[in-house]
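# build me a model:
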Amino acid sequence: MTENTMIFTTNEQEIVKGIVPTGQLIVDSDQLSFVYLGEVEEEYVYLYLSETCWEDLRAGIHNNVQFFLDVDGEVVELIELNEELTYLISNIEGNGNYGEQMVEKVESIFINS
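Presented below is the predicted three-dimensional model:
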């Protein structure tokens, strides 16, 4: 993370090489993850943002950084990640439809800290 950017890397470089960001974010409550959707050759690729990086995501949102993914030197912007994440956090807060554990984790890291 720098002053205005946060760059993620992945061990799954072959899977995400040539990824095209969609600007969409979904939730996987079972895996306690936010999932950024990308496309490679017209198929969806799921970039899991697990709770291990949520502190960094919170800092990124707070500092209004641009989020990027570095795949073997190919850097692409994860468009709309900040906006999508902010929306999902507000939607998850107090919403049992996401599961008790997901709500508790999101509230403890993004809302109550």
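# distance from the helix or strand where L25 lies to the middle of the chain?
L25 is located in strand 20-28, with elements delineated by DSSP states H and E. Between the mean C-alpha location of strand 20-28 and the chain-wide mean there is a distance of 8 Å, by Cα atoms, centre = their mean, to the nearest Å.
# show me where the protein has strands.
Taking DSSP state E as the test, the strands found in the chain are 5-9, 20-28, 33-40, 43-50, 66-71, 74-77.
# for E93, find the nearest of these.
Among these, strand 20-28 comes nearest to E93, with 12.6 Å by Cβ to Cβ. Any C-beta I mention is one placed from the backbone N, CA and C, and that applies to glycine too.
# and the contacts of the closest one?
Contacts made with strand 20-28 from outside it, assessed by Cβ atoms under 8 Å, 6 or more residues apart in numbering, are listed as 33-40, 44, 48, 69, 76-81, 84-85, 88, 92, 98, 102.
# list the buried residues for it?
P21, T22, L25, V27 (16 or more other Cβ atoms under 10 Å).
# by mean pLDDT, flag the weakest helix or strand of the protein.
When the helices and strands of the chain are compared on mean pLDDT, DSSP states H and E, helix 13-16 comes out lowest with a mean of 73.
# noted, bye for now.
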